[in-house]
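Test case, fold it:
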Amino acid sequence: MQRKAYVPGAAALLVALLAGCTSGSGSGGTTDDANPGDAGTATAAAQPGKYRTLPEPCGAVGQSTLDSLLPGIKQITDADQREAAYAGEATLTYDTDRKVGCRWKVESTDATDHLLVDFERVVSYDNAVSDDSQAKAIFATKETAADLPEPAASTGAASDSATPSTSDSATPSTTPTSSSSASSSDSASPSASTTPAALQPRALSDLGDEAFLDDALSSSGSTAKQRTVTVVFRTSNVIVTIEYEEQPATVGVIPDSQKMQDRARKLAAQLADSLNG
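Take a look at the predicted model:
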């Protein structure tokens with residue numbers, strides 16, 4: 001009876017062991033097949049952006065640069081007011097690890113100038129998208145919203161040249177707008193008939209990983225024209241936006257497009273260097 005009871009028990013145990021090994025081998029194979037895939041996906045998604053922090057925005061622009069962008073700042077006689085003008089005002093933000101900015105506003109005898117510098121650190125929360133890819137998509141959205149004109153074939157590389165030709169020096173700023181037809185031509189973007197091709201809104205090839213410049217002139221005919229030059233560039237997972245505005249104190253005077261673009265691009269280059277430093 002003992003031998004008869006033992007054999008079936010041993011056989012049952014052997015069957016159970018074989019079944020367990022077979023089952024373990026199968027499930028192990030499935031797990032092993034899944035793990036490399038998961039690891040590969042995690043590796044692709046774990047591509048962190050280059051930047052983990054952002055600079056202090058109100059300290060990112062040097063005093064000499066502010067002197068150039070905001071000429072009226074030197075005209076402030078009160079020392080405390082001048083110091084406050086240089087200090088700027090931080091923009092409201094709820095997450096300084098992700099987005100920071102600073103604004104400056106200075107009035108002079110000739111014009112009122114505004115400057116905004118904004119830093120955005122992009123972090124992707126999609127396991128299939130890297131920080132850089134997410135930043136690239138956000139930049140593309142901003143560029144599309146700017147509605148840049150198609151580059152003229154004749155301008156070629158000159159369209160994003162940092163130094164437009166000397167013939168561009170006779171910009172509309174030196175010629176007051178007097179006729180109604182000229183006023184109506186000042187739409188949201190600079191008029192093609194008054195703005196040289198090299199100064200039209202365009203993509204920039206010499207700034208960060210990708211960049212563009214927009215130049216808009218207000219259409220109000222009853223007050224002085226306000227020009228806004230915007231430079232946006234991306235470096236890895238950080239997007240930097242510069243908005244530089246000027247409104248002359250005299251009606252009929254148009255802000256100098258070339259001068260404002262040169263100043264904004266110089267600041268953008270400085271900020272790009274500081275990020276890479």
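
How is the protein divided into domains?
1-46, 52-276 (automatic domain parsing).

Can you flag the weakest of these by average pLDDT?
In terms of average pLDDT, domain 1-46 trails the rest of these, at a mean of 46.

burial measure for residue 266, as a count.
15 (other C-beta atoms under 10 Å). No exception for glycine: its C-beta is placed from N, CA and C like everyone else's.

For stretch 91-102, C-alpha coordinates in PDB please.
Output in PDB follows, covering the C-alpha atoms of stretch 91-102 (Å, rounded to 0.1, in the frame of the first residue of the first chain):
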ATOM      1  CA  THR A  91       6.500  88.800 -14.200                       C
ATOM      2  CA  LEU A  92       3.900  86.800 -12.300                       C
ATOM      3  CA  THR A  93       4.600  83.100 -12.400                       C
ATOM      4  CA  TYR A  94       3.500  80.100 -10.300                       C
ATOM      5  CA  ASP A  95       6.400  77.800 -11.100                       C
ATOM      6  CA  THR A  96       9.800  79.500 -11.200                       C
ATOM      7  CA  ASP A  97      11.400  76.200 -12.200                       C
ATOM      8  CA  ARG A  98       9.400  76.200 -15.400                       C
ATOM      9  CA  LYS A  99       8.800  79.800 -16.400                       C
ATOM     10  CA  VAL A 100      10.300  83.200 -15.400                       C
ATOM     11  CA  GLY A 101      10.300  86.700 -16.900                       C
ATOM     12  CA  CYS A 102      11.100  90.300 -16.300                       C
END
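
what's next to that stretch, contact-wise?
53-58, 60-61, 88-90, 103, 116-121, 123 (C-beta atoms under 8 Å, 6 or more residues apart in numbering).

mind listing the strands for the stretch 151-277 of the chain?
Applying DSSP state E, counting those that start in this stretch to the stretch 151-277 of the chain gives strands spanning 202-204, 210-217, 227-235, 238-248.

Select, out of the ones you listed, the one closest to residue 83.
Shortest distance between residue 83 and those, using C-beta to C-beta, is found for strand 238-248: 21.8 Å.

Can you name the residues bridging to residue 217?
With DSSP bridges as the criterion, residue 217 is bridged to residue 227.

Count the residues that sit near it.
Counted with other C-beta under 10 Å, residues neighbouring residue 217 total 23.

Tell me how far it lies from residue 225.
Relative to residue 225, residue 217 is positioned 6 Å away (C-beta to C-beta, to the nearest Å).

Among the contacts of stretch 91-102, which lie within helices?
Per DSSP state H, helices hold no members of these.

Out of the residues you listed, which end up buried?
Among those, those classed as buried by 16 or more other C-beta atoms under 10 Å are 54-55, 57-58, 60-61, 88, 103, 116-121.

Neighbours of residue 48, how many?
14.

Many thanks, have a good one.
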